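Peer 1: I'll drop the sequence and a predicted model, then ask my questions.
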Amino acid sequence: MRKRDLLTPIGITFGFIMIMLAILSNGGREGVITFVDVASFLIVIGGLIGSLFINFKLEQIKLVGKVIRESFRKNEERIPELIALFIRLSEQARREGLLALENELADVDDEFIKKGILLAIDGIEPEVINEIMNAEIAAMEDRHYKGRNIIEKAGEYAPAWGMIGTLIGLVLMLNNLDDPSSLGPNMAVALLTTLYGAVLANLVFLPMASKLENKTNEDIFVKQIIIEGIIGVQSGQNPRILEEKLSAFLHSDDSPEASDQVVAKEEIHET
Amino acid sequence: MRKRDLLTPIGITFGFIMIMLAILSNGGREGVITFVDVASFLIVIGGLIGSLFINFKLEQIKLVGKVIRESFRKNEERIPELIALFIRLSEQARREGLLALENELADVDDEFIKKGILLAIDGIEPEVINEIMNAEIAAMEDRHYKGRNIIEKAGEYAPAWGMIGTLIGLVLMLNNLDDPSSLGPNMAVALLTTLYGAVLANLVFLPMASKLENKTNEDIFVKQIIIEGIIGVQSGQNPRILEEKLSAFLHSDDSPEASDQVVAKEEIHET
Amino acid sequence: MRKRDLLTPIGITFGFIMIMLAILSNGGREGVITFVDVASFLIVIGGLIGSLFINFKLEQIKLVGKVIRESFRKNEERIPELIALFIRLSEQARREGLLALENELADVDDEFIKKGILLAIDGIEPEVINEIMNAEIAAMEDRHYKGRNIIEKAGEYAPAWGMIGTLIGLVLMLNNLDDPSSLGPNMAVALLTTLYGAVLANLVFLPMASKLENKTNEDIFVKQIIIEGIIGVQSGQNPRILEEKLSAFLHSDDSPEASDQVVAKEEIHET
Amino acid sequence: MRKRDLLTPIGITFGFIMIMLAILSNGGREGVITFVDVASFLIVIGGLIGSLFINFKLEQIKLVGKVIRESFRKNEERIPELIALFIRLSEQARREGLLALENELADVDDEFIKKGILLAIDGIEPEVINEIMNAEIAAMEDRHYKGRNIIEKAGEYAPAWGMIGTLIGLVLMLNNLDDPSSLGPNMAVALLTTLYGAVLANLVFLPMASKLENKTNEDIFVKQIIIEGIIGVQSGQNPRILEEKLSAFLHSDDSPEASDQVVAKEEIHET
Amino acid sequence: MRKRDLLTPIGITFGFIMIMLAILSNGGREGVITFVDVASFLIVIGGLIGSLFINFKLEQIKLVGKVIRESFRKNEERIPELIALFIRLSEQARREGLLALENELADVDDEFIKKGILLAIDGIEPEVINEIMNAEIAAMEDRHYKGRNIIEKAGEYAPAWGMIGTLIGLVLMLNNLDDPSSLGPNMAVALLTTLYGAVLANLVFLPMASKLENKTNEDIFVKQIIIEGIIGVQSGQNPRILEEKLSAFLHSDDSPEASDQVVAKEEIHET
C-alpha cells in the first residue's frame, strides 16, 4: 500500500560503494579480500545479538523484522487532503447535522479518522474524544519507540562489540610476538571488528533509528491535526477558522498555499 | 509465580560463546588460557564494588540480588484481561451499585486493583483515589529506580576500572623494558582489564539495566490503565466508552482487536 | 531582501587559513600537497551522504541547499520598530476602533503581523488568535528543525566516517609492512580522513547548525512579541502597559531604552 | 547526632586495596614505589583546584569540607514514625481542634515539621503553607546542589588534568629520545597523571557526588510527606485517608506494612 | 561598583603555576621553551575563532569582552537586605497606602525594584506586574545565555582544534620519517596543540562558562524574590507571612536567621 522509500537502500549501497572505493584506491583489488573476515563479523553481530537478547523481551525482538521493513517505507504526504476533508465535513455538519457525517464514513479509509467521526456522531463530549484519541497516539508512539529502541541499542552495542573484538585480537597478538612478520596482519584482523562495528552503527543502525523517529513524529503530527479537525467539526466551528487553525500547522511565512484559501473570507460573517 | 525470562541467560551465554569463538578462531585452544587472569578480574570487580559502596547506601546495595533476579523474570501480559475485568465491574456497578463489587474482590489477586476497588467502595472521591494510587506508582517507580541505578552505575564504573587496571599494567611494563620478550605478554595482561570492563558493561550491566527500565515502564503502564479503570467504574461511566478509553492504550491502527468490541455499540444509547 | 551574514564565509575562510598556516609553518610549501587526497575526501563526504540518505527523506534532503544559504544570511534586528508599531496600532484602535486598523495593513509587509491583524479585525477571540498564531510558530520551528537537523547529523556522521576511513587505511597498511619506507606515508594518508572529518564537523557543520538554531530562536522570539502585541491591540490594552510588556522582552537592567518611553506616563490615568 | 555512613570509607579503602593488589600481583613490592610521584599528584590536584576556583565563588568553595563530611553521614530512616506522628496529630486535631497541637510541639525536634505546625495553628491557608514549605524545599535543594556541584565538577576536571599532565610528560619525553633506556620510565611517569585523574574521578568524586544526590532526593521525599501530612492535619482530613495517602509514598505491592493499618477501616464512616 | 571576583584570576594563575611546576620538575628549566610554539597556539586560537565566527552573529561576538570581564566580577549578597526592605515597604503600604511608597523610591537604586514599585503604585494588577517582570527576567536570562554560550562553545571547539592541529602535525611527521632524530621533536610539537586545546578548555573556557551560569542563576533567584516581594506589598499581605515567604527562599534547617524574625509573631493577629 505505502510506497517504498528508495533512499534507505540507496544510502546503504552508496555507503558501501564508498568503502569499496576507499579500499580499491589504496589497496587495489587484492586489498578487498583483507576486509572479509567471517569470524570478526560473527563476533560483532553475535555479541550484539547477545546484548539485545538481554536488553529486550521476546515480543519486542520479534518486531525487529517489521521495524527494519518499516525503515524502507515512506509516509504519504496527505496534510492538504486532510484539511480539505475536514473543511468539507465541517460544512456538511453545519448544514445537515453531525449525523449526516455517517454517509461520509464509507469514503474515509483511515481507521483513526473513522473512529474519531464515529465518536463525534455518538455524541461523546469533545474532551473525552480528545482523551481517547490522544491515548491512541500515545500508544502508537510507545509501540513505535519499542521497535525503534532495538535499532538504537544495536547502534550503541555495535561499536562496543567492535572494541571487544579488537581487544581480544590485540591480546592474542601480543602473546605471540615471536614471528614479527605476522604482527601486521594480526593487528589488521584485530582492527577489523572495530571497523565492522563503526560501519554497522554509522551506516546502518543509527541513521535507520533516526529515520524511524522522524517518521513517528510525522505520524503524530498528522494524527494531531486529525484530532483538531474532528473536534472542530463536532463543535460546529466556523469552516474558515477551522481552516486557519489546521493550515497553521502546515506553513507560516514561506508557503504560497497560505493565500489561496478554500473557504472565502466573507463566510466568517455567517457565524 | 512469574515466568522466567529465558532471554537474559540466553543472551549472556550467547555473548560469551561469541567471545570464545573469537578467541578459538584466532588463537586456538591454548589462546583461551591467556584470557583468564584472576588478578585482572579482581581489580575490575573489586574497584567497581568500591565505587558502588561509596555511591549507594547499605539498604540499596542489599537490593542487588533481588534486582539481578528480577532481570531474569518476565512480566505477564495481561492488559486484555484487565480491560475485560473493568468492563465486567463497570456493568455490575451500574446494575447493582458500587457496593456489589465487594463480592468480586475475592477473585482479584492483584493488590493494586484490590486497593483501588476498596477505595471506590468506601466512597472516596475520584481525585483522592487518583492521588493515592498515583503516589503508589511514583513510589514503585522510585523503588525500581533505586535498584536499577546500582546496575546502571556498575555499567559506568566497569569500563573506568578496566582503564585504571590497564594504566597500572602499562606503568609497570614501561618500568621494566629490560626484557623485550616479556613486553608483549605484559601488555596483553594490561589490556585484559579493559576487556573485562567492556564485556561486563556491554554484555551484562547495561543491557540488564535497560531491561529493568523497560519492565518498570510496563508496570507503570498497566497500573495507569488500572487507575483509569477504577475511576471509570466508580464514576459509573458507560461501559462502551470505558472500553474505548482503556483499549486506546492498547492499540491504534495496526491491531485487529480494535474491531471485535466486547460491548456492542447500541449499548451507548442506554446512557 | 535580507542582508548577507558575512561572518559565516569569513569564519570558514579564517579556519582554512589557520590550517594552511599550520601546514606551511611545519611542513613548508611542499607539505600542502600531502593534505590533498581526493579518495580520502570522497570516502568521508560519500559515506556521510550515504548515512544522511538513510537518515532523512527526499523532501528533507532537498532542503539542504536552502538551509546552507540560510546560514549565510542575517536576521534583521527590528524589535524596536515592532514595539513602536504596536503602540501606534494600539492608540489608533483605542481612538477609532479595531476596523480602522484595516488602513494600516498596506504599510505592513510582514505576513505574520498582517495575518494577526486580519484575525483581530475579523473579531476572532484572543485565545483562538493565540492558538492559530502559536501553531504557526510551532510549524515554523518544526520546519527549521527539519532543515537544521540534516546539518547537525552531518556533523555527527563526519567524524565517524573519518574514523572508518582511517581504520580502512590502517588495515591496508598493516597488511603491507614489507616496505618500511611506505609505512609513514601510508599511515599519513590513513589519518587524512580523520582530519577531514574533524574539520568538516568542527569548522563547517556544527557551527553552522548552531547558528541556524540561534536564528530560529530569534525568529520565535520576534513572533512571540508580535502575538503579544496583536492581542494587546485587540483587547484594547492601555498603550503604556502594552509598551511595558513588549519592552520587557527587550532589556532589563542594562539597557538605556527602558527610560525614554514613547508613551508618557500620565496617559495611564486615561484608562 | 546522625549516624556515620561507614560505606563511604569502606568503599574508598576497598578501592585502594584493589589497586594495591593489582600493583603487587604484577609488579611485586618494588612496583609500589613506581606509583608514587608527588609532582604528578600535585599537577592533577593543583590544576583541578585552579579550575574549581574559576568555576565557583568563595562562599561555595568554603562548603567543600562540609559537603565531604556530609558524604560520610547517613540519613535516618524515619518515614514510618512520620506517618504515625501525623495520624496522631490528625486525630488530636479532629478531637480537640488545631490549637491543641501546640502542646505537641515540644516533642517534635524537626524544625521543618515544627514550622509547618506553627503555620497551621496560625490559621494560614493551606495553599500558602504549601507555597512557603515548598520554597524551603527548593532552597534546600538549591543549597545541596551548590555543594554537590563542586564535587561533580571535580569529577569532570580530574581526568582532564590527568590528560594534561600526561601530554606534558609525553612532550618532554619526545624531546629527549637520545637515551632509549629512559624512554620507558619517562612514559610511565607521564601516564601516572592519567591514572591519578581516573582514580580520583571514579573512586572518589563521582560516587561521592552521586551519593550526595541520592541523599538530597531522600530529604526532599521526606519533606514532601511532611507537607502532605501538615496540610492533611490542618484540613481535618479523615485519619484513615491521610494514612492511605502518606503510606502510598512508602510502598505498593511488595511491602507488608500496607496491611496492618494503624487506624481501623470502620473509622471511615465517622466522616 | 561591583567587587572584583579575585578567584577567577587566582584560579587561572594557580593552574598555570601547576603546569609550570610539572614542566620544571620533569624537564628542568630548558624544558619550558619546548612548550612555547606560536604556530601551534595560533592554529588552536585561530581555528576556534573561525568556528565561533560561523556559530554566532556579530552582535553576540561583540559581547565577548563584556562577558569575560563579567566572569571577573562578583555578585553582591543582598538577600537579607531585600527581605528587610520589603517588610518595611509592606508595613508602610498597610499603614499609609500604596501611594506613600513613592517617597521610598529615592532610596532604592535597583532599577528592577524601582520599576516594580512604580507598576504597583500605578495600580497595575498583580498578574500583569508578574508577567512584565518575569518577561524581564526571561530577557535577562536569554541575554546572559547568549554571552555565556560563546564561552561554552569556545570550550567545545578548543579541544577539537587541538586535535586538528595534532593530526596535521602527525601527517607531516609521517611523511618525513627519513630523519629518525627529528621524529620525537616533531611528534612533540604535534601534541602541543592538543595540550593547548585541553588547557584552554579545562582551565579557562569551561570553568568560566560555568561560573557565568552560576551567576545568572543567582541573579534570577534574587529577581524572583523581588517579584514575590513587590506583589506581596501591593496585595497588602501581612508582613509576617511575607517575611516567612521571602525567607523560605533563603534557608531551611541549617540557617540561624530563621529564628530571629524581624516582625514579631503577635502581629499576625492584626490581620
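Peer 2: Looks like it arrived, so ask away. Quick caveat: nothing in here was measured; it's all calculated off a predicted structure.
Peer 1: can you count the residues close to whatever residue of the stretch 101-250 of chain A ends up closest to chain E?
Peer 2: Residue nearest to chain E within the stretch 101-250 of chain A: residue A:184 (16.2 Å; CB to the nearest CB). Just so you know, the C-beta spots here come from the backbone N, C-alpha and C atoms, and that holds for glycine as well. Number of residues near residue A:184 (other CB atoms under 10 Å in any protein chain shown) recorded here: 18.
Peer 1: Residue A:109 too?
Peer 2: Count around residue A:109 with other CB under 10 Å applied: 9.
Peer 1: Distance of it relative to chain B?
Peer 2: 11 Å (CB to the nearest CB, to the nearest Å).
Peer 1: Find me the pLDDT at that residue, would you?
Peer 2: Residue A:109 is assigned a pLDDT of 82 by the prediction.
Peer 1: what does residue A:36 give?
Peer 2: 91.
Peer 1: Quick check, pLDDT for the most centrally placed residue in chain A.
Peer 2: Residue closest to the mean C-alpha point of chain A, counted by CA atoms, centre = their mean, is residue A:212 at 1.8 Å. We have a pLDDT of 94 for residue A:212.
Peer 1: quick one: it and residue A:144 touch, right?
Peer 2: Yes. Taking CB atoms under 8 Å as the definition, residue A:212 is a contact partner of residue A:144 at 6.9 Å.
Peer 1: picking that back up, which element is the residue nearest to the centre of chain A on?
Peer 2: In this assignment (DSSP states H and E), residue A:212 forms part of helix A:206-234.
Peer 1: So which elements touch the helix or strand immediately after that helix in the chain?
Peer 2: For helix A:206-234, the following helix or strand on the C-terminal side (DSSP H and E) is helix A:239-248. Secondary-structure packing of helix A:239-248 (3 or more CB pairs under 8 Å, 6 or more residues apart in numbering or on different chains; DSSP states H and E): helix A:79-96, helix A:206-234, helix C:126-174.
Peer 1: okay if I get these as CSV plus distance to chain B?
Peer 2: Output for the helices and strands packed on helix A:239-248, formatted as CSV (distance: least, CB to the nearest CB, whole Å):
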stretch, distance to chain B
helix A:79-96, 15
helix A:206-234, 8
helix C:126-174, 15
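Peer 1: Would you agree residue A:31 is in contact with residue A:21?
Peer 2: No. The criterion here is CB under 8 Å, and residue A:31 misses it with residue A:21 at 11.5 Å.
Peer 1: Would you mind telling me which of those two has more residues around it?
Peer 2: Between residue A:31 and residue A:21, residue A:31 has the larger neighbour count (other CB under 10 Å), namely 18 against 15.
Peer 1: how many other residues sit next to residue A:102?
Peer 2: Quick note: residue A:102 (other CB under 10 Å) scores 11 neighbours.
Peer 1: which one is it nearest to, not counting chain neighbours?
Peer 2: Using CB to CB, 6 or more residues apart in numbering or on different chains and skipping residues adjacent in sequence, the residue nearest residue A:102 is residue A:121, 5.9 Å away.
Peer 1: Quick one: residues contacting the one you found.
Peer 2: With contact taken as CB atoms under 8 Å, 6 or more residues apart in numbering or on different chains, residue A:121 is in contact with A:98-99, A:101-102.
Peer 1: Can you tell me which of those residues is closest to residue D:63?
Peer 2: residue A:98 (65.1 Å; CB to CB).
Peer 1: pLDDT score for that closest one?
Peer 2: pLDDT for residue A:98: 85.
Peer 1: what does residue A:153 give?
Peer 2: 96.
Peer 1: What separation do you get for it and residue A:61?
Peer 2: As defined by CB to CB, to the nearest Å, residue A:153 lies at a distance of 11 Å from residue A:61.
Peer 1: Mutual contacts of the two, please.
Peer 2: In contact with both residue A:153 and residue A:61: residue A:52, using CB under 8 Å, 6+ apart.
Peer 1: Comparing the two, which residue is more hemmed in?
Peer 2: Legend: neighbour count by other CB under 10 Å for residue A:153 and residue A:61, higher for residue A:153 (20 against 16).
Peer 1: That one: what's its closest spatial neighbour, skipping adjacent residues?
Peer 2: Residue A:153 sits nearest to residue A:55 (CB to CB, 6+ apart), 5.6 Å away.
Peer 1: try residue A:205
Peer 2: Using CB to CB, 6+ apart, the nearest residue to residue A:205 is residue A:155, at 3.4 Å.
Peer 1: and stretch A:96-110, which residues are buried?
Peer 2: A:98, A:101, A:104 (16 or more other CB atoms under 10 Å in any protein chain shown).
Peer 1: Can you give me the distance of the residue nearest to residue A:102 to residue E:77?
Peer 2: In terms of CB to CB, residue A:121 sits 65 Å off from residue E:77.
Peer 1: Could you list which residues are in contact with the residue in chain A that chain E sits nearest to?
Peer 2: Per CB to the nearest CB, residue A:26 is where chain A lies closest to chain E, at 14.8 Å. Shown in contact with residue A:26 (CB under 8 Å, 6+ apart): C:39, C:168-169, C:172, C:186, C:189.
Peer 1: now residue A:109
Peer 2: For residue A:109, no contacting residues are found, by CB under 8 Å, 6+ apart.
Peer 1: element containing it?
Peer 2: Per DSSP H and E, there is no helix or strand for residue A:109.
Peer 1: just the one 3 residues further on next, same as before
Peer 2: Using DSSP H and E, residue A:112 falls within helix A:111-121.
Peer 1: ok, now which ones touch residue A:10?
Peer 2: residue C:53 are the contacts of residue A:10 under CB under 8 Å, 6+ apart.
Peer 1: After the helix or strand encompassing it, which helix or strand is next?
Peer 2: Following DSSP H and E, one finds residue A:10 within helix A:7-27. For helix A:7-27, the following helix or strand on the C-terminal side (DSSP H and E) is helix A:29-34.
Peer 1: so can I have a markdown table of the buried residues of stretch A:96-110 showing distance to chain E?
Peer 2: Formatted as a markdown table, the buried residues of stretch A:96-110 follow (distance: CB to the nearest CB, whole Å):
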| residue | distance to chain E |
| --- | --- |
| A:98 | 38 |
| A:101 | 42 |
| A:104 | 45 |
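Peer 1: Closest to chain B out of those?
Peer 2: Nearest to chain B among these, with distances taken as CB to the nearest CB, is residue A:98, at 14.4 Å.
Peer 1: my read: the closest one touches residue A:120, true?
Peer 2: Yes. In terms of CB under 8 Å, residue A:98 counts as a neighbour of residue A:120; the distance is 6.1 Å.
Peer 1: Overlap in contacts, the two.
Peer 2: Counting by CB under 8 Å, 6+ apart, the common neighbours of residue A:98 and residue A:120 are A:233-234.
Peer 1: what's the closest of the helices and strands packed on helix A:239-248 to residue A:67?
Peer 2: Across these, closest to residue A:67 is helix A:206-234 (CB to CB), at 6.8 Å.
Peer 1: So is that closest one next to chain C?
Peer 2: Yes. With CB under 8 Å from any CB of the partner chain as the measure, helix A:206-234 is seen reaching chain C through A:206-208, A:210-211, A:214, A:221.
Peer 1: same question, stretch A:170-187
Peer 2: Yes. Using CB under 8 Å from any CB, stretch A:170-187 comes into contact with chain C via A:181, A:183-185, A:187.
Peer 1: Just checking that stretch against chain D, any contact.
Peer 2: No. Stretch A:170-187 stays out of contact with chain D when judged by CB under 8 Å from any CB, the minimum separation being 14.8 Å.
Peer 1: Now do the end-to-end distance for that stretch.
Peer 2: End-to-end distance for stretch A:170-187, by CA to CA, to the nearest Å: 7 Å.
Peer 1: Now do the buried residues in it.
Peer 2: For stretch A:170-187, the neighbour count (16+ other CB under 10 Å) marks A:170-177, A:183-187 as buried.
Peer 1: what number of residues lie near residue A:114?
Peer 2: 14.
Peer 1: How about the contacts made by the closest residue to it other than its chain neighbours?
Peer 2: Spatial nearest neighbour of residue A:114, excluding adjacent residues (CB to CB, 6+ apart): residue A:108 at 5.3 Å. Residues in contact with residue A:108, defined by CB under 8 Å, 6+ apart, are A:85, A:114, A:117.
Peer 1: Since that was my last question, I'll sign off now.
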